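Trainee: no sequence on this one, just coordinates:
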């Protein structure tokens, strides 16, 4: 059980912090960057919840994901050791990835076919979900970069990959529930406008 009786300690004032196993690293260490970005993602999801959602089911799903992200942060802050006994350390498992996939399929089944890429916008909730999606992609990139150098739980970057897809379909569902159209990319639209203005000058 976590027991936080004091908020500041001053131990990081020299530019170092400690991983879950007590190892001291620089605050810009890639492992710190990885779970720090996961923390940022969690905050973006919290902002989405505070802004309000059109779909009631999305609230419970996002709250469960916030808990997952704390689990993922705990996973990433403790480097995986060779021969580590299953269940001895809190790790993100394949079951959670499968649950995200099920949620993606369920939500996407009610959405129309896309004919172009979607730009962030529409309802406030949809825009917040797009912001969370892009932070999620950045977290995934950081974790993959970390995985090229140090041991990382195999499911950690996969979870983030599926989560970014889920946040995307949720944004579309939020727009639909709010009676908003998806904002679609129109390739070359501004280029054509600029050409038309120049030709009329």
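Mentor: Yep, that arrived. Keep in mind that this is a model prediction, so the values were computed, not measured.

Trainee: would you mind listing the buried residues in stretch 96-107?
Mentor: The neighbour-count check on stretch 96-107 (16 or more other CB atoms under 10 Å) flags 96-97, 99-100, 103-104, 107 as buried. C-beta coordinates here come from the backbone N, C-alpha and C atoms, glycine included.

Trainee: how about TSV for the residues you listed, with pLDDT, secondary structure and distance to residue 166 added?
Mentor: Compiled in TSV, the buried residues of stretch 96-107 are given as follows (pLDDT from 0 to 100; DSSP: H, G, I helix; E, B strand; the rest coil; distance: CB to CB, whole Å):
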residue	pLDDT	secondary structure	distance to residue 166
96	94	helix	11
97	96	helix	11
99	96	helix	10
100	97	helix	5
103	97	helix	6
104	97	helix	5
107	96	helix	8
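
Trainee: which one of those is nearest to residue 56?
Mentor: residue 107 (13.1 Å; CB to CB).

Trainee: the closest one reaches residue 168, doesn't it?
Mentor: No - with contacts counted by CB atoms under 8 Å, residue 107 stays clear of residue 168, the gap being 9.7 Å.

Trainee: residues making contact with the helix or strand hosting residue 75?
Mentor: Per DSSP states H and E, residue 75 falls inside helix 56-76. When contacts are defined by CB atoms under 8 Å, 6 or more residues apart in numbering, helix 56-76 is touched by residues 20, 31, 34-35, 38-39, 41-42, 45-46, 48-49, 53, 89-92, 96, 103, 143, 146, 152-153, 156, 159-160, 163, 166, 170, 173-174.

Trainee: wait, what's in contact with the residue nearest to the spatial centre of the chain?
Mentor: When CA atoms, centre = their mean is applied to the chain, the residue found nearest the centroid is residue 136 (2.7 Å). Counting by CB under 8 Å, 6+ apart, residue 136 makes contact with 41, 160, 163-164, 167.

Trainee: and with 6 Å instead?
Mentor: Contact analysis of residue 136 by CB atoms under 6 Å, 6 or more residues apart in numbering lists 41, 160, 163-164.
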